[in-house]
Each structure stands twice: as C-alpha cells, then as structure tokens.
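>>> can't give you the sequence, but here's the structure:
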C-alpha cells in the first residue's frame, strides 16, 4: 500500500505540472501494482474497477489534457477508497496530495523547460534546433546547438560552467551577452542539450 500511495502522489504532481512522460511512467507502475494486488483479493472485480479508472487517466495523459487528467485522477482516487471500504479497510483513505511526496524529485518536465529557455534566451543568436525556420539576427551566426553538442569538447559540466560565466570574449566581436540564468534554468538547458546530443547518436 505504501508503494501505491507514493506512486499515487507522484502521478498527481507529474500530471498537474504537465510532465506527461513522468505521469505515464507512474501510471504504469500503479497499473502493475494493481495487477499484483488483484491476484490477492477474493473479489478481483474490485481491482478491475480501479483499472478501468486508470484507463481514463491514461487517456488524459496521452491526450495531454490537463482538465481531463485532474477529473479522472479524482475519480480514480474515489474508486481506490471505495475498493478499500469494500475490502474491509475503510480507515485506509487516500486523497489528492497537498504537498510534494519526495523532496529530491523535479516534477516539471526539465527538458521541455530547457527547450523553451534555449529558444527565448539563446535563439536570437543561435540556431537552437533544425526545425526553426527563422535565421538568427547575427551574420555570420554563432554556432547552432547541434554543432555545439557534437563537439568533442562538449560536456555537461563544461556547459554548466559556461552558462554561469559572463559569456564575454566569445565570437568575432566578443559581444556574446550574459543571459543571467539561475541555477535551475542552467540545469534545464543542460538537460535539453544532453537530449539533443543523445538524439544525434541514435
């Protein structure tokens, strides 16, 4: 039960913050645990009702439908409590969580945030990704992000140090501005660039 309770809470915050990949992962963990729980019950139909509610949550996640997620999550939570009462455990009641279940997990989609930050902070000068049709303002333009991540010298630690620096003395005019990024913004951009590099190696 404790494992399911943790996954239930993590699913809520992942979906609420539109981290659909994490929400889908947590939902599959719940589904597997319910499958195992159903085999231990005298009446497996109770677990089957909960799994039907999971399907509604899954549909909302796959559609990236935040209102649908919140509504189906609440219905799923009510079904869990109904199952507990029907199984003789009415005192085991769960609710939509009010606080983060663990302090060491980031529930926002870090890569998506990094992509957005890269476009807004760096996209004026750099080509951030191939699908961007607008050319940067500078001629000649600074290296694109795909060129940067393909350099042998590229590493997450070097990128962190660079993004935290003043950015001066770079380029032919030595005029690269300092975007003044916070630590969490730097980590998001690092996560995005690492994802770009991993995509290039496939």
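That came through, no problem. All of these numbers come straight from a predicted model, not from anything done at the bench.

>>> Would you tell me which helix is longest in the protein?
Determined from DSSP state H, the single longest helix within the chain is helix 66-86.

>>> buried ones in it?
68-70, 72-73, 76-77, 79-80, 83-84 (16 or more other Cβ atoms under 10 Å). From N, CA and C alone the C-beta is placed, and that goes for glycine too.

>>> swap in stretch 100-114?
Buried, per 16+ other Cβ under 10 Å, within stretch 100-114: 101, 107, 109-114.

>>> who's in contact with that stretch?
Residues from elsewhere that reach stretch 100-114 (Cβ atoms under 8 Å, 6 or more residues apart in numbering): 6, 9-10, 13-14, 16-22, 187-193, 195.

>>> Pick the one among the buried residues of stretch 100-114 closest to residue 181.
residue 114 (10.6 Å; Cβ to Cβ).

>>> quick one, phi/psi of the closest one?
Note on residue 114: backbone dihedrals following degrees, to the nearest 10 are phi -60, psi -40.

>>> coming back round to it: is it possible to export the buried residues of helix 66-86 to a markdown table including pLDDT?
Formatted as a markdown table, the buried residues of helix 66-86 follow (pLDDT from 0 to 100):
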| residue | pLDDT |
| --- | --- |
| 68 | 96 |
| 69 | 96 |
| 70 | 96 |
| 72 | 95 |
| 73 | 95 |
| 76 | 92 |
| 77 | 93 |
| 79 | 88 |
| 80 | 86 |
| 83 | 81 |
| 84 | 81 |
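
>>> closest to residue 127 among the residues you listed?
For those, the residue nearest residue 127 by Cβ to Cβ is residue 69; the value is 34.3 Å.

>>> distance of residue 162 from residue 18?
Distance, residue 162 to residue 18, by Cβ to Cβ, to the nearest Å: 29 Å.

>>> cool, and residue 157?
Per Cβ to Cβ, residue 157 is found 29 Å from residue 18.

>>> Those two: which has the busier surroundings?
Legend: neighbour count by other Cβ atoms under 10 Å for residue 157 and residue 18, higher for residue 18 (16 against 8).

>>> so who does the closest residue to that one other than its chain neighbours touch?
Excluding the flanking residues, the one nearest residue 18 by Cβ to Cβ, 6 or more residues apart in numbering is residue 66, at 6.2 Å. Contact partners of residue 66, counting by Cβ under 8 Å, 6+ apart, are 15-16, 18, 60.

>>> do residue 70 as well
So residue 70 contacts 15-16 (Cβ under 8 Å, 6+ apart).

>>> Save the buried residues of helix 66-86 as TSV, and put in distance to residue 129 too.
Formatted as TSV, those follow (distance: Cβ to Cβ, whole Å):
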residue	distance to residue 129
68	29
69	28
70	31
72	33
73	33
76	36
77	39
79	42
80	41
83	46
84	48
